[in-house]
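**Q** Predicted coordinates and the sequence they were generated for:
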Amino acid sequence: MWMIKKFDELSTVETEEIFRLRQTVFIIEQKSLFIDIDGQDVNAIHIFYKKNNSIVSYCRLIIDNSITIGRVIVNPEYRGVGKGRELFEFALEHIKNNYPTSTVDITAMCYLEKFYESFGFEYNSERYDIADHMHVDMKLEP
């Protein structure tokens, strides 16, 4: 089931599940030492898919002059079956329906550049390092 919630609409269990999934993948699996809980969650829109009381995929939208999609993640138990593409399609459809004139920004890990290009994103920076992983900024115009 798809969920779209503001931070104060998340249950305490959902908040814990989201933070645990992000910690498991971004910090432990990817061995990235960075501050994941960065103060942005409170103002973000959280999009996630739940199946059998487990989060399958998740991202957050930060609404400003443009919209930033971040913390894009697929639960390791559900990888390789298109769940990342489903999440991104759902998030972009939500943006199109609710913020049709907004530019969408992402900070992409370089190994996922082709994935984001398949949605029409274009490069907006040179490659750079964050926590020992190469990234690039990408943008999608409305």
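**A** Looks like it arrived, so ask away. Fair warning: this is a prediction, and the values are worked out from it, not measured in the lab.

**Q** Please work out how many residues are found near Lys51.
**A** Lys51 has 13 neighbours, counted by other CB atoms under 10 Å. Glycine gets a C-beta too; all of them are placed from N, C-alpha and C.

**Q** cool, Met1 as well?
**A** For Met1, the tally of surrounding residues (other CB under 10 Å) stands at 7.

**Q** Test my guess that it contacts Tyr49.
**A** Yes: because the distance of 7.1 Å satisfies CB atoms under 8 Å, Met1 is recorded as touching Tyr49.

**Q** Check what pLDDT His133 gets.
**A** We have a pLDDT of 88 for His133.

**Q** Just list whatever residues bridge to it.
**A** Beta-bridge pairing for His133 (DSSP bridges): Ile130.

**Q** how close does it sit to Leu21?
**A** Relative to Leu21, His133 is positioned 18 Å away (CB to CB, to the nearest Å).

**Q** likewise Tyr111?
**A** Per CB to CB, Tyr111 is found 20 Å from Leu21.

**Q** can you list contacts of the helix or strand bottoming out on mean pLDDT in the chain?
**A** Least confident element among the helices and strands of the chain, by mean pLDDT, DSSP states H and E: strand 128-130 (a mean of 90). Contact with strand 128-130 is made by 32, 34, 107, 134-136, as judged by CB atoms under 8 Å, 6 or more residues apart in numbering.

**Q** Sweet, I'm off.
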